[in-house]
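sequence and computational prediction follow.
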Amino acid sequence: MKRYVNLREITVKEPLKVDTEFSEKILELPEDEVIRSTPFSLHVEIYKRAVGYNVRGHIKGNVTLRCSRCNEEYEEKIDRDFSFDLMPTSEITEGQIKHGELDVKFSDEDVIDLSEVVREQIFLNLPVKPLCSRECKVTEYREWDEETKDNRWDKLKELKEKLEKKEK
């Protein structure tokens, strides 16, 4: 398993190609978003450019999420290509970000942590609102019986009813 890549080893003539796999433990995905995951495979190719690098790759694996409607666990498959440019911070320009600049990362580090690349791609591909299926229904809430009913608000309800009667 190769986790770190030294960017100085990459030449214009020969890109670096890496095939590796990352376990759930190394990825350290937050439990409030991802319950668990399978190991993620990564294929990445890093090309040196006149200024910076171009990183292209593919990640594949599964994550277990919690449905935002029914609260049940379900598995989400992530099988995606990605690409971004890695530029030195000296290339940061002032002004508005253009459409083509959205896939640019800035760093002056000579080493890239591939587990960070995988973690970022997982987060970019997680659904904003996890749903186990399109047909998923909201969990029905049960009615409370009189014995378990919360009576702390009864006095306030009585006061509200009295005020409503006075207004009529």
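In hand now; what should we look at? Numbers count the residues shown, from 1 in each chain.

for the rest of this, base every contact and every neighbour count on C-alpha atoms.
OK.

who's in contact with the residue lying closest to residue 125 once chain neighbours are set aside?
Once flanking residues are discounted, residue 125 sits nearest to residue 78: 7.0 Å by CA to CA, 6 or more residues apart in numbering. Counting by CA atoms under 8 Å, 6 or more residues apart in numbering, residue 78 makes contact with 59, 60, 61, 62, 63, 122, 125.

okay, those in CSV with distance to residue 163, neighbour count and pLDDT next?
Below are the contacts of residue 78 laid out as CSV (distance: CA to CA, whole Å; neighbours: other CA atoms under 10 Å; pLDDT from 0 to 100):
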residue, distance to residue 163, neighbour count, pLDDT
59, 63, 21, 96
60, 62, 18, 96
61, 60, 18, 95
62, 57, 16, 95
63, 54, 21, 94
122, 55, 22, 92
125, 53, 13, 90
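
sort out which one of the residues you listed lies nearest residue 36 for me.
residue 63 (5.9 Å; CA to CA).

strands along the protein, start to end?
Remark: strands assigned in the chain by DSSP state E are 4-6, 16-22, 36-37, 40-48, 53-66, 73-87, 104-106, 111-113.

which one of those strands lies nearest to residue 152?
Ranked by CA to CA, the member of these that lies closest to residue 152 is strand 53-66, at 33.2 Å.

who touches the closest one?
Residues outside strand 53-66 that contact it (CA under 8 Å, 6+ apart) are 33-48, 72-87, 118, 121, 130-132.

how distant is it from the center of its chain?
Mean-position distance between strand 53-66 and its chain equals 10 Å (CA atoms, centre = their mean, to the nearest Å).

mind listing what it pairs with, with the direction of each?
Here strand 53-66 is paired, per DSSP bridges, with strand 36-37 (antiparallel), strand 40-48 (antiparallel), strand 73-87 (antiparallel).

need the strands of the chain in JSON lines (columns: distance to residue 157).
JSON lines is the format used below for the strands of the chain (distance: least, CA to CA, whole Å):
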{"stretch": "strand 4-6", "distance to residue 157": "63"}
{"stretch": "strand 16-22", "distance to residue 157": "57"}
{"stretch": "strand 36-37", "distance to residue 157": "45"}
{"stretch": "strand 40-48", "distance to residue 157": "55"}
{"stretch": "strand 53-66", "distance to residue 157": "37"}
{"stretch": "strand 73-87", "distance to residue 157": "39"}
{"stretch": "strand 104-106", "distance to residue 157": "57"}
{"stretch": "strand 111-113", "distance to residue 157": "59"}
